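[1] Got a sequence here, can you model it:
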Amino acid sequence: MNNTESKFNDDEMKPEYDFTSGIRGKHYQAYRKGHTVTIHQEDGTTTVQKFTIEDGAVILDPYVKQYFPDSDSVNYALRTLINLVPHISPKSEAS
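    Purely as a prediction, here's the structure:
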């Protein structure tokens, strides 16, 4: 490997990123409610964009997304799983 090649794969954390004092999930709830991004342009103007997660949207972990890359594959897998679970009617749950 020469000096111009990276000794890290794209999936590996680079040494200059230090998350040792980070708190996992700290901004999770706020992110789920939506967030605003302010973009500062070179000409001095700013653009503000609001991002929200659509109702019913589900965020997959990267590992899971490797196996289920799109909505069709997720829905197929969940429908298969639903067929494996015994159906419980609402009346029997109250008993």
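
[2] how much space between the residue sitting nearest the centre point of the chain and residue 21?
    Centre of the chain computed as the mean C-alpha position; nearest residue by C-alpha atoms, centre = their mean is residue 59, 4.2 Å away. Applying C-beta to C-beta, to the nearest Å, the value for residue 59 to residue 21 is 24 Å. The way it works is simple: take the backbone N, C-alpha and C, and place the C-beta from them, glycine included.

[3] State the number of residues packed around residue 68.
    15 (other C-beta atoms under 10 Å).

[4] Tell me, please, the helix or strand in this structure that averages the lowest pLDDT.
    Ranking every helix and strand in the chain by mean pLDDT, DSSP states H and E puts helix 90-94 at the bottom, with a mean of 56.

[5] need the contact list for the residue nearest to the centre of the chain.
    By C-beta atoms under 8 Å, 6 or more residues apart in numbering, residue 59 lies in contact with residue 53.

[6] That one in helix, strand or coil?
    coil (DSSP: H, G, I helix; E, B strand; the rest coil).

[7] now swap in the one 4 residues further on and tell me
    When the structure is split into helix, strand and coil by three-state DSSP, residue 63 lands in helix.

[8] pLDDT score assigned to it?
    Confidence at residue 63, expressed as pLDDT, is 89.

[9] measure it to residue 55 for me?
    Distance of residue 63 to residue 55, given as C-beta to C-beta: 25 Å.

[10] Right, I'll call it a day here.
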